[in-house]
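Engineer: could you work out the structure for the sequence below:
(2 chains)
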Amino acid sequence: MKQNLVVIGAGMASGRMLENLLDAAPDAFNVTLFNGEPRGNYNRLMLSPVLSGEKTYAEIITHDDAWYAERGVNCRFGEHVTKIDRERKVVVGKNGEVPYDKLVIATGSAPFIIPVAGKELPGVVTYRDLEDTNAMIDVSIKPGANAVVIGGGLLGLEAAAGMQMRGAKVTVIHIAGHLMERQLDPAAGYLLQKALQDRGITIHCKGATKAILGKDRVEAVLLEDGTVYPADLVCMAVGIRPEIRIATDAHLEVGRGVVVNDQMQTSDPDIFALGECVEHNKQVFGLVAPLYDQAKVLAATLRAEPAAFRPVQTATKLKVTGCDLFSAGDFAEGPGREDIVLRDPARGQYKRLIIEGDKLIGAVMYGDTADGSWFFGLIKDGTDITDMRETLIFGPSFAGGAKADPMAAVAALPPEAEICGCNGVCKGKIVDAVLGGANTLDLVRAQTKASASCGTCTGLVEQVMAVTLGGDFVANANPPMCKCTDHTHEDVRRLIKAKGLKSIPAVMQELGWKTVGGCASCRPALNYYLLADWPLDYTDDRQSRFVNERNHGNIQKDGTYSVVPRMWGGVTTPAELRAIADAADKYAVPMVKVTGGQRIDLLGVKKEDLPAIWSDLNDAGMVSGHAYSKGLRTVKTCVGSEFCRFGTQDSTGLGIKLEKLLWGSWTPAKVKLAVSGCPRNCAEATCKDIGIVCVDSGYEISVAGAAGMDVKETEFLCKVATEAEVEEVVAAFVQLYRENSRYLHRIYKWVAKVGLEWCKEQIADLENRRALYDRFMLSQSVYQVDPWAELAADARKWAPMADLTLEAAE
Amino acid sequence: MNMMTENWIDIGALDDIPRQGARLVKTARGCVAVFRAADDHVFALDDRCPHKGGPLSEGIVHGHSVTCPLHSWVFDMNTGVAQGADVGQVGTYAARVDQGRVLLSTAVLDRSAA
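Structural biologist: Residues are numbered from 1 along each chain as shown, chains lettered A, B, ... in the order given. This next block holds a predicted model:
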């Protein structure tokens, strides 16, 4: 007597299970197969090639009508199951009941819909089945179509690439900092983003969807940050969850999925489940390999043969033509784990292996994934890799010798890449000179002028020479930025501009960083270089800043902070002084001290009190004095012509104007100014980074003074006649410093390196001076904001996240 | 404390801690810094550098290491051991993430005074 077997869901897992079962025991069961979709089993993994036009639906059908007919499967396609009646052992479909002896639930998963306004508008689709795919094709082939994909995971990117290949203009909105963050680390995510952008797809990371806009149909997507992307179609691909409603209604045991044991049996001994809808040992499954293993186990169980499901390691490959990436195993850092990183910027390749003890446990690869399956084998089999460790990353075909080349970044630069910014010398010109016989730095300088001005590109010029001359050239030893890289600060700055690098992962990848996430020395430097060079494109990374800049206060030795409100030009009012006194009382500030920069320091404020005290001072009209920043600190002034009988100009007024011009700007190291009203120099302007001394005929501007570890008098830069010219010269000079100095070098150290004469030329050239001023003002349009007002708004983040002081130990 | 029956306290959502940053948890015996690395691993360390008592929670997080903000000692957050030439160790406590929540071992409550 044949048993009745009912299967709910004709997906890839149940399809494979039926193949296994009916091949081994063709006459054991009467099979009824329900499917909500009006068709049988097809290879869902191949929907992406269908979307992109590389395959047709007919090519991806796994089981056609004939297959089901030959095996006597009673197909109920396009019919939803409404209920499982466990008492009577029947499955209730829309078109009638079917009795079962054994039942298999294979309902798969449902896409997660983010709960935003407009999610139900026509034109909003998910990416699960052929209907979704066809909807995306229909929109994409219309001329000028805009599509937005929400979700930069595996599925979302395949949808984006497919629609782009069909002709749509596609934008991907992703909530995390880099694409596919569950499978890729930031470096590989960056390479992937670059490849997708190169083919015309817009990628918006750290983007949270606020609403989907449209009247009768979707028209646009609005993000939390205010960005609006036009959209004729929105594809939500933010994740899936097991489809368990029918099992829940039948009172089967469910967790995140339908709970099954090693035999794929649910809490009802006659009901089984497999595929994306199950939960086994607290784990749910989304990739196809473990589902096929489940199919094998369930087919055996139904034939009453012993079998047990054991989940195995899985590997991920993105099915986007032209983007080769691969990840397998566990690639998080952890105790006792070591990384081997190989970056080949020239070929856009990245490989990272994660080793624990004597075993390979994870691999992430981008660019060249040919060795992926070999590495995957080593992970799965737990192979002892001790003997091949040294050369492991080069793969199975390693023939010896090849080592990562620190010059690769320079070697990969195109001939037109600018090496020397001062004299506009490109790589090709230097190579030509070297090939023409210029085999020393001096000869190259003489013939091309490269590195002949400010000299910061010397390291790069030497590398170009080394690449061109091969082993015959010995460069000057110039220490690298930190242990994470072989490049000097100067090289890194220049390459950021030459290669258009706009994020920390981009710099680390393209310049061959040797560590995974940098260190406390290079991260703040990179963050500064990027925000100084790309004020509009780069977003300041708070976590790459030293504590003082991150918390906008100087940390004291006991972990408290100092709070210093700005006093423009050192001028205050009774109202401001009252507000400061009130704040000092209210927050029990242990010390109130007058600083050397003509303002008042409140010392010893607790971190959790910072937002409140800032808010109080804000209310009294004061803003942060940036007394902690690598940026503009103070502009010290004397009283000048307004009160002083010797004063020649309004030094106080000019100081206030300069402070209002420069505040909020980030610089390589701190910047202090002073304006004295006459040559008696009461404001001590001649030992500042920039000092202005007023005289009867105008203003003498001098720079590069110091009064710290080194003491040094300023050097004369230029003399101008009007306050407006002072402002332009000072802003232009600060910008010159911002663009060219290495991080943490004060102005006097930087000027000693590039030479005062070079600085004078830059400022004397009026067109250049104006351009520097304009670039400074552009940066100020982004960065001249009061951090107190910005940060006090979310005070919650400044307090401890939990208080366990009242929790008793057991 | 019996390791076989480790108990956990839910201290908040993972997203309340910035990536490559930390938040504090107050206990009767001082503050514990709970770190979130770039790869979303979490670590709990005493918030006191053994050198001069610097708040490690304010350090720069790189990989699974943190650099003390006061004098740049670097600690491996897995073990609490100082790296390089510096010698010292900070207390560490088991921490993990479960469904977006950060869980801290109750061992944090009855640690001996630092």
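
Engineer: extract the residue ranges of chain A that are flagged as low pLDDT.
Structural biologist: Residue ranges of chain A with pLDDT under 70: A:313, A:317-322, A:332-334, A:397-406, A:453-456, A:471-478, A:808-810.

Engineer: ok, how many other residues are close to A:His251?
Structural biologist: Other residues near A:His251 come to 11 when the count uses other CB atoms under 10 Å in any protein chain shown. Quick note: C-beta positions are derived from backbone N, CA and C, even for glycine.

Engineer: swap in A:Lys719?
Structural biologist: Using other CB under 10 Å, A:Lys719 is surrounded by 16 other residues.

Engineer: equivalent analysis for the one 5 residues further on, please.
Structural biologist: The number of residues packed near A:Ala724 is 10, by other CB under 10 Å.

Engineer: list the buried residues for the helix or strand hosting it?
Structural biologist: Assigned by DSSP states H and E, A:Ala724 falls within helix A:723-740. Neighbour counts over helix A:723-740 (16 or more other CB atoms under 10 Å in any protein chain shown) mark A:723, A:725-740 as buried.

Engineer: same check on stretch A:266-283?
Structural biologist: By neighbour count on 16+ other CB under 10 Å, the buried set for stretch A:266-283 is A:Thr266, A:Asp268, A:Ile271, A:Phe272, A:Ala273, A:Leu274, A:Gly275, A:Glu276, A:Cys277, A:Val278, A:Glu279, A:His280.

Engineer: what's the farthest-apart pair in those residues?
Structural biologist: Across the buried residues of stretch A:266-283, no pair lies farther apart than A:Asp268 and A:Glu276, at 19.9 Å, counting by CB to CB.

Engineer: confirm A:Val635 sits in a strand?
Structural biologist: Yes. Checked against DSSP: H, G, I helix; E, B strand; the rest coil, A:Val635 lies within a strand.

Engineer: who's it bridged to?
Structural biologist: A:Leu673 (DSSP bridges).

Engineer: which residues touch it?
Structural biologist: Shown in contact with A:Val635 (CB atoms under 8 Å, 6 or more residues apart in numbering or on different chains): A:Trp568, A:Gly569, A:Gly570, A:Gly655, A:Ile656, A:Leu658, A:Glu659, A:Leu662, A:Lys672, A:Leu673, A:Ala674, A:Val675.

Engineer: next, work out how far apart it and A:Val675 are.
Structural biologist: Relative to A:Val675, A:Val635 is positioned 7 Å away (CB to CB, to the nearest Å).

Engineer: can you list residues touching both of these two?
Structural biologist: Counting by CB under 8 Å, 6+ apart, the common neighbours of A:Val635 and A:Val675 are A:Gly569, A:Gly655, A:Leu658.

Engineer: what's around A:Val81, how many residues?
Structural biologist: 20.

Engineer: meant to ask about A:Thr391
Structural biologist: 14.

Engineer: ok, now how distant is it from A:Cys426?
Structural biologist: 37 Å.

Engineer: one more: A:Ala208?
Structural biologist: Relative to A:Cys426, A:Ala208 is positioned 42 Å away (CB to CB).

Engineer: compare the two (neighbour count), which wins?
Structural biologist: Looking at A:Ala208 and A:Cys426 with other CB under 10 Å, you find the greater number of neighbours at A:Cys426, namely 20 against 13.

Engineer: in contact with the spatially most central residue of chain A, which residues?
Structural biologist: Geometric centre of chain A, nearest residue: A:Gly177, 3.7 Å, by CA atoms, centre = their mean. The neighbours of A:Gly177, taking CB under 8 Å, 6+ apart as the test, are A:Pro186, A:Gly189, A:Cys205, A:Lys206, B:Arg19.

Engineer: can we see that at 6 Å?
Structural biologist: Applying CB atoms under 6 Å, 6 or more residues apart in numbering or on different chains to A:Gly177 gives the contacts A:Cys205, A:Lys206.

Engineer: how about the residues of chain B that lie near chain A?
Structural biologist: Residues of chain B lying near chain A by CB under 6 Å from any CB of the partner chain: B:11-12, B:16, B:18, B:20-21, B:23-28, B:38-39, B:41, B:55, B:58, B:60, B:62-64, B:67, B:69, B:78, B:109-110.

Engineer: any of these buried? List them.
Structural biologist: B:11-12, B:16, B:20-21, B:23-27, B:38-39, B:41, B:55, B:58, B:60, B:62-64, B:67, B:69, B:78, B:109.

Engineer: what about those, which are in strands?
Structural biologist: Under the assignment DSSP state E, those contribute B:Ile11, B:Gly12, B:Gly21, B:Arg23, B:Leu24, B:Val25, B:Lys26, B:Thr27, B:Ile60, B:His62, B:Thr67 to strands.

Engineer: now render the residues you listed as JSON lines, adding pLDDT.
Structural biologist: Converted to JSON lines, these look like this (pLDDT from 0 to 100):
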{"residue": "B:Ile11", "pLDDT": "94"}
{"residue": "B:Gly12", "pLDDT": "93"}
{"residue": "B:Gly21", "pLDDT": "94"}
{"residue": "B:Arg23", "pLDDT": "95"}
{"residue": "B:Leu24", "pLDDT": "93"}
{"residue": "B:Val25", "pLDDT": "94"}
{"residue": "B:Lys26", "pLDDT": "92"}
{"residue": "B:Thr27", "pLDDT": "90"}
{"residue": "B:Ile60", "pLDDT": "95"}
{"residue": "B:His62", "pLDDT": "94"}
{"residue": "B:Thr67", "pLDDT": "94"}
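
Engineer: please identify which of those is nearest to A:Arg343.
Structural biologist: The nearest member of these to A:Arg343, counting by CB to CB, is B:His62 at 17.0 Å.

Engineer: that closest one against A:Ser521, yeah?
Structural biologist: No. The pair B:His62 and A:Ser521 does not pass the contact test of CB atoms under 6 Å, sitting 9.4 Å apart.

Engineer: shared neighbours of those two, anything?
Structural biologist: Between them, B:His62 and A:Ser521 share no contacting residue, judged by CB under 6 Å, 6+ apart.

Engineer: what's the nearest residue to the closest residue to chain B within the stretch 551-700 of chain A if we skip its chain neighbours?
Structural biologist: Per CB to the nearest CB, A:Gly559 is where the stretch 551-700 of chain A lies closest to chain B, at 4.5 Å. Distances taken as CB to CB, 6 or more residues apart in numbering or on different chains place B:Pro55 nearest to A:Gly559, at 4.5 Å, with adjacent residues excluded.
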